[in-house]
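Novice: Below is the sequence, then the predicted model.
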Amino acid sequence: MADPRYTASGSFRVRPHRPWRTAVATVLVVIVLGVGGWSLYELGLRHGGYHARQARATEAHLRIDVSDLREQVSKLADRNTLLERAERIEREAREDLRGVIEKREQRISHLKEELAFYRNLVSPSDMEPGLHVRRLEVAPVAGSPGVFRYELVLTQINGSDRYCSGHIDFTLVGRRSRDRVEVGLDELAVSEESPETFFRFKYFQTLTGQIRVPDGVEPARLLLRVNPEQDRLDPLKDDYPWKSLISESDGA
């Protein structure tokens with residue numbers, strides 16, 4: 001291969017040497033690279049700052065949104081508490097009202113029964129003039145063995161408005177060790193509450209009291225005597241089976 005430094009005739013080829021071109025080219029390359037790098041740095045700085053500001057603005061906006069949401073959640077929680085409290089108060093009010101209505105309905109029903117009973121007392125259609133026993137109820141007293149409470153309703157049927165008065169008497173007939181016994185009102189009386197035996201009324205009266213069955217006595221019958229003080233009225237004598245009195249009272 002021919003040496004490029006020689007010509008075809010064998011002589012040297014003379015080329016001019018310019019070292020300044022290399023230096024200039026190097027400087028230009030350095031300048032271009034420096035300017036380009038600095039431009040890229042400025043561009044990156046500007047873009048980076050824009051994105052940083054945008055990120056900070058977004059973060060601030062999000063913080064505001066979170067604060068608003070927390071405030072809304074707090075308000076909703078308070079409202080929910082108020083609603084729950086209002087619902088509880090309304091439920092309790094409904095229950096109280098229901099109880100009042102039930103009691104009132106029971107009271108109305110009881111008053112209607114009493115009204116019908118009293119109407120029958122004042123204007124009976126199937127009773128003869130005179131003194132009558134309209135009702136006798138005997139019921140055990142809770143927590144007091146052998147103690148019974150009685151309720152006696154007496155009525156007077158006549159064509160005038162005169163009062164009648166008198167007293168009642170009880171006798172308990174039963175057995176004690178196979179022997180027949182009769183226990184008077186004095187032995188039947190409970191010391192804490194004396195029996196109500198005296199009456200005075202124009203149309204009707206309710207007598208109440210307590211009696212105690214003596215230990216060892218098995219009741220069989222209860223004798224009732226109504227003794228008026230007026231000669232125009234006949235005394236009354238009634239005999240009531242004890243079991244019948246108790247069973248009717250339990251079923252009332």
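Specialist: Arrived safely. Numbering: from 1, shown residues only.
Novice: Identify the residues contacting residue 136.
Specialist: Neighbour list for residue 136: 150, 151, 152, 153, 224, 238, 240, 245 [criterion: CB atoms under 8 Å, 6 or more residues apart in numbering]. Yep, even glycine has a C-beta here, placed from its N, CA and C like the rest.
Novice: run the last query once more with 6 Å
Specialist: By CB atoms under 6 Å, 6 or more residues apart in numbering, the contact list for residue 136 reads residue 152.
Novice: where does it land in three-state SS?
Specialist: Following DSSP: H, G, I helix; E, B strand; the rest coil, residue 136 is assigned to strand.
Novice: mind listing what's buried in the helix or strand harbouring residue 153?
Specialist: Element membership for residue 153 (DSSP states H and E) is strand 147-157. For strand 147-157, burial by neighbour count (16 or more other CB atoms under 10 Å) applies to 147, 148, 149, 150, 152, 153, 154, 155, 156, 157.
Novice: Stretch 174-192 now?
Specialist: 174, 181, 183, 185, 188, 189, 190.
Novice: And the pLDDT for residue 32?
Specialist: Note for residue 32: predicted pLDDT of 68.
Novice: Find the residue closest to residue 215 in space, skipping its chain neighbours.
Specialist: Residue nearest to residue 215 in three dimensions, not counting chain neighbours: residue 146, with 7.0 Å by CB to CB, 6 or more residues apart in numbering.
Novice: what separates that neighbour from residue 216, distance-wise?
Specialist: Distance of residue 146 to residue 216, given as CB to CB, to the nearest Å: 10 Å.
Novice: Pick out whichever of those two has more residues nearby.
Specialist: Set residue 146 next to residue 216 and count neighbours by other CB atoms under 10 Å: residue 146 wins out with 14 against 10.
Novice: Against residue 199, how distant is the closest residue to residue 198 other than its chain neighbours?
Specialist: Of all residues not flanking residue 198 in the chain, residue 167 sits nearest, at 5.0 Å (CB to CB, 6+ apart). Taking CB to CB as the measure, residue 167 falls 7 Å from residue 199.
Novice: And for residue 228?
Specialist: Distance, residue 228 to residue 199, by CB to CB: 9 Å.
Novice: the more surrounded of the two?
Specialist: Taking neighbours as other CB under 10 Å, residue 228 and residue 199 compare with residue 199 leading, 23 against 19.
Novice: What's the separation between the more buried one and residue 209?
Specialist: Distance, residue 199 to residue 209, by CB to CB: 12 Å.
Novice: Please report phi then psi for the closest residue to residue 170 other than its chain neighbours.
Specialist: Of all residues not flanking residue 170 in the chain, residue 185 sits nearest, at 4.8 Å (CB to CB, 6+ apart). Per-residue torsions, residue 185: phi -70, psi -30 (degrees, to the nearest 10).
Novice: so residue 185 makes contact with residue 172?
Specialist: No. Residue 185 is not in contact with residue 172 according to CB atoms under 6 Å; the separation is 8.8 Å.
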